[in-house]
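J.: okay, sequence plus prediction incoming.
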Amino acid sequence: MDLQEQLLLARTRRHLFAQTGFGIGALALQQLLAEDSHAAPATHSPSAEAGDAMAVRPPHFPAKAKRVIYLFMAGGPSQFELFSDKPKLRELDGQAPPPSLMEGKRFAFLKGNEKLLGSRRKFQRYGQSGMEVSELLPNIAGVADELCWIRSMATDVFNHGPAKLFMNTGFQVPGRPCLGAWTTYGLGSSSKNLPGFVVLQSGPRGPRAGATLWSSGFLPSSFQGVPFRSQGDAILDLHNPSGVSASSQRSVFDFVRSLNEERLGSTGDPEIQTRINAYEMAYQMQSSSPELMDLSQESPETLALYGATPGKPSYANNCLLARRLIERGARFVQLYHTNWDHHGASENLEGALEQVCGEVDRASAGLVLDLKRRGLLDDTLVIWGGEFGRTPMGEVRASIGRDHHVDGFTMWLAGGGSKPGHIHGQTDELGFGSIQDRVHVHDLNATLLNLLGFDHEKLTYRFQGRDFRLTDVHGQVVRSLLA
């Protein structure tokens with residue numbers, strides 16, 4: 001019997017008996033439930049007890065990646081300014097796009113009379129792979145051969161919040177579990193004093209769609225992401241107020257735990273077990289989080305590698321903190337860095353883009369290099385990308401920018417069984433869409449789960465009468481991305 005079935009049966013039986021008593025009808029229904037549980041197909045079979053949802057569990061087959069660091073560039077980085085040099089687009093700069101390429105296309109803000117916009121950025125080819133990267137990302141360019149490049153990404157959704165949800169959960173409205181939640185549901189976590197799934201944020205604001213991006217959806221809430229602050233206490237109000245000793249706090253925790261366990265025994269509600277685990281995790285974190293958050297323990301050379309400054313919130317600090325988290329057993333760490341939405345006006349392809357590239361370039365490359373030298377890159381999967389790309393046409397506000405584009409944008413992977421130095425996919429000469437080896441969001445998520453040791457069609461959870469999965473009814477593993 002798999003973890004979901006254990007949780008569900010425990011909850012339904014105990015709730016039934018608590019509410020209706022042990023009558024003849026209840027006993028008969030208990031027998032029917034027992035027969036049904038033996039007949040139910042097992043799609044994922046973790047060995048954890050229902051009360052230990054985060055216990056380490058084996059995947060479907062040997063995994064190449066044991067943990068994930070997801071660097072999410074919220075807003076949609078422009079592939080034309082960063083990773084996709086298009087000489088033909090520069091040649092036709094200022095001209096109307098070919099009608100054949102515009103047919104059937106939808107955009108967020110373009111009106112249909114915009115002109116093609118060639119990139120003003122200088123590109124070079126790097127490494128043996130010959131990947132083209134612009135002048136804006138010199139450090140990422142320097143590790144080009146460590147990365148697996150996907151230049152033919154495609155999504156279905158062109159507005160920020162829904163597109164972020166679609167990239168993370170496979171669905172464009174809230175309510176589904178995200179990749180991090182599916183990962184911890186499938187694998188559990190080896191950390192006893194830190195959450196299995198941690199979220200770190202940087203940039204001038206939080207990502208659109210907010211906490212729904214790291215939600216566990218209909219999975220038990222044990223598997224949701226836990227947001228950490230990048231300085232001070234990892235979580236507000238984690239430490240005791242003045243006058244409350246550790247021993248008195250422990251007494252309160254033990255008493256509350258006994259009450260929760262009594263209620264859990266009568267109802268079987270998995271959310272009560274989540275509450276018990278949360279109290280205990282908070283208690284353990286009181287001693288572990290100060291050491292975790294103290295980046296001054298790192299060598300000056302390591303701080304320089306990331307461009308991190310202890311005590312100063314930044315994407316660089318978060319990248320270094322992500323490495324420290326996975327070293328301490330966290331299974332999935334997701335970083336959100338905002339301000340990639342460059343339409344024009346103050347959010348333009350000049351100063352604003354240069355600033356955000358400067359914020360992430362050094363630290364992203366530094367993370368890859370640091371993981372490699374510590375022997376962690378082989379089984380740590382790093383993902384870098386946003387929810388979509390940008391259009392080949394310019395968008396003129398107070399200054400020039402680009403609108404949202406769902407076809408032919410770029411993401412990269414590193415480590416965790418991905419193929420280093422590989423360039424996957426190709427777009428047409430103007431960058432409207434993929435002409436070779438298109439990778440849809442569902443294909444990407446199927447591939448990521450494969451690297452974690454899961455058949456994406458079998459990692460499921462039964463909810464409201466049917467089995468749900470991250471890739472819904474879609475998705476193919478992209479074998480050429482695997483080392």
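T.: Good, I have the coordinates.
J.: where does the stretch 151-300 of the chain dip in pLDDT?
T.: The model of the stretch 151-300 of the chain has pLDDT under 70 over residues 230-232, 236-246, 248-253, 255, 257, 264, 270, 273-288.
J.: which parts of it are strands?
T.: Assigned by DSSP state E, counting those that start in this stretch, the strands in the stretch 151-300 of the chain fall at 197-202, 226-228.
J.: could you identify which of those is most buried?
T.: strand 197-202 (a mean of 24; mean count of other Cβ atoms under 10 Å). Bear in mind the C-beta positions are built from the backbone N, C-alpha and C, glycine included.
J.: which helices and strands does that one pack with?
T.: On a contact count with 3 or more Cβ pairs under 8 Å, 6 or more residues apart in numbering; DSSP states H and E, strand 197-202 meets helix 179-187, strand 226-228, helix 315-327, strand 332-337.
J.: related to what we said a few turns ago, for the strands of the stretch 151-300 of the chain, give me CSV that also has distance to residue 88.
T.: Listed next are those as CSV, based on distance: least, Cβ to Cβ, whole Å:
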stretch, distance to residue 88
strand 197-202, 36
strand 226-228, 44
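J.: residue 354 is nearest to which of these?
T.: Residue 354 lies closest, by Cβ to Cβ, to one member of those: strand 197-202, at 17.1 Å.
J.: in its sheet, what does that closest one sit against?
T.: If you go by DSSP bridges, strand 197-202 pairs up with strand 226-228 (parallel), strand 332-337 (parallel).
J.: and those strands as TSV, adding distance to residue 479?
T.: Output for the strands paired with strand 197-202, formatted as TSV (distance: least, Cβ to Cβ, whole Å):
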stretch	distance to residue 479
strand 226-228	34
strand 332-337	23
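J.: compare these and give me the one nearest residue 436.
T.: strand 332-337 (29.8 Å).
J.: list phi and psi for residue 420.
T.: phi -70, psi 150 (degrees, to the nearest 10).
J.: rewinding a little: can the helices and strands packed on strand 197-202 go into TSV with extra columns for distance to residue 350?
T.: Output for the helices and strands packed on strand 197-202, formatted as TSV (distance: least, Cβ to Cβ, whole Å):
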stretch	distance to residue 350
helix 179-187	34
strand 226-228	32
helix 315-327	20
strand 332-337	19
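J.: touching stretch 471-483 from outside, list them.
T.: For stretch 471-483, contacts defined as Cβ atoms under 8 Å, 6 or more residues apart in numbering pick out 64, 148, 150, 170-171, 413, 417-420, 422, 424, 437, 439-440, 442-447, 449-451, 456-457.
J.: okay, and which of those map to helices?
T.: Counted as lying in helices by DSSP state H, out of these, are 442, 443, 444, 445, 446, 447, 449, 450, 451.
J.: looking at the residues you listed, state which has the most neighbours.
T.: Within the ones in helices among the contacts of stretch 471-483, residue 449 tops the neighbour count with 28 neighbours, counted by other Cβ atoms under 10 Å.
J.: got a pLDDT number for that one?
T.: Confidence at residue 449, expressed as pLDDT, is 98.
J.: just to revisit the earlier point, next, format the ones in helices among the contacts of stretch 471-483 as TSV and append distance to residue 56.
T.: Output for these, formatted as TSV (distance: Cβ to Cβ, whole Å):
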residue	distance to residue 56
442	28
443	28
444	26
445	22
446	23
447	23
449	17
450	19
451	18
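J.: would you list every one of the strands in the stretch 301-450 of the chain?
T.: 332-337, 380-385, 389-396, 400-405, 407-414, 422-424, 426-427, 434-436, 439-440.
J.: now those strands as TSV including distance to residue 235?
T.: Formatted as TSV, the strands of the stretch 301-450 of the chain follow (distance: least, Cβ to Cβ, whole Å):
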stretch	distance to residue 235
strand 332-337	15
strand 380-385	24
strand 389-396	34
strand 400-405	34
strand 407-414	29
strand 422-424	39
strand 426-427	43
strand 434-436	42
strand 439-440	36
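J.: now those in TSV, with mean pLDDT?
T.: As requested, the strands of the stretch 301-450 of the chain are exported to TSV (pLDDT from 0 to 100):
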stretch	mean pLDDT
strand 332-337	98
strand 380-385	98
strand 389-396	96
strand 400-405	96
strand 407-414	98
strand 422-424	98
strand 426-427	98
strand 434-436	97
strand 439-440	98
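J.: ok, so what distance separates the closest residue to residue 59 other than its chain neighbours from residue 110?
T.: Residue nearest to residue 59 in three dimensions, not counting chain neighbours: residue 453, with 2.8 Å by Cβ to Cβ, 6 or more residues apart in numbering. Distance, residue 453 to residue 110, by Cβ to Cβ, to the nearest Å: 42 Å.
J.: please apply the same query to residue 335.
T.: Taken as Cβ to Cβ, the span from residue 335 to residue 110 is 30 Å.
J.: and the two? which has more neighbours close in?
T.: For residue 335 versus residue 110, the count of surrounding residues by other Cβ under 10 Å is larger for residue 335: 26 against 18.
J.: isn't that one right next to residue 74, touching?
T.: No. Look at residue 335 against residue 74 with Cβ atoms under 8 Å: they stay out of range, at 9.8 Å.
J.: if we can go back for a sec, nearest to residue 225, out of the strands of the stretch 301-450 of the chain?
T.: For these, distance to residue 225 was read as Cβ to Cβ. The smallest value, 6.4 Å, belongs to strand 332-337.
J.: show residues contacting that closest one.
T.: Contacts to strand 332-337, defined as Cβ under 8 Å, 6+ apart, come from residues 67-74, 179-180, 183-184, 196-203, 206-207, 213-214, 225, 315, 318-319, 322, 325-326, 356, 359-360.
J.: C-alpha coordinates for that strand, PDB please?
T.: C-alpha atoms of strand 332-337 as PDB (Å, rounded to 0.1, in the frame of the first residue of the first chain):
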ATOM      1  CA  PHE A 332      14.300  21.000  -2.900                       C
ATOM      2  CA  VAL A 333      15.300  24.700  -2.700                       C
ATOM      3  CA  GLN A 334      13.700  27.200  -5.000                       C
ATOM      4  CA  LEU A 335      14.900  30.700  -5.500                       C
ATOM      5  CA  TYR A 336      12.700  33.400  -7.000                       C
ATOM      6  CA  HIS A 337      14.400  36.500  -8.300                       C
END
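J.: tell me which residues in it are buried?
T.: The neighbour-count check on strand 332-337 (16 or more other Cβ atoms under 10 Å) flags 332, 333, 334, 335, 336, 337 as buried.
J.: what's the closest of these to residue 157?
T.: Out of the buried residues of strand 332-337, the member with the shortest distance to residue 157 (by Cβ to Cβ) is residue 336, at 17.5 Å.
J.: the closest one and residue 75: what is the separation?
T.: 10 Å.
J.: check contacts around the nearest residue to residue 176 once chain neighbours are set aside.
T.: Excluding its sequence neighbours, the residue lying closest to residue 176 (Cβ to Cβ, 6+ apart) is residue 169, at 4.0 Å. Neighbouring residues of residue 169 by Cβ under 8 Å, 6+ apart: 176, 177, 178, 179, 213, 215, 217, 470.
J.: try it again at 10 Å.
T.: Going by Cβ atoms under 10 Å, 6 or more residues apart in numbering, residue 169 touches 175-182, 209, 212-215, 217, 441, 445, 470, 472.
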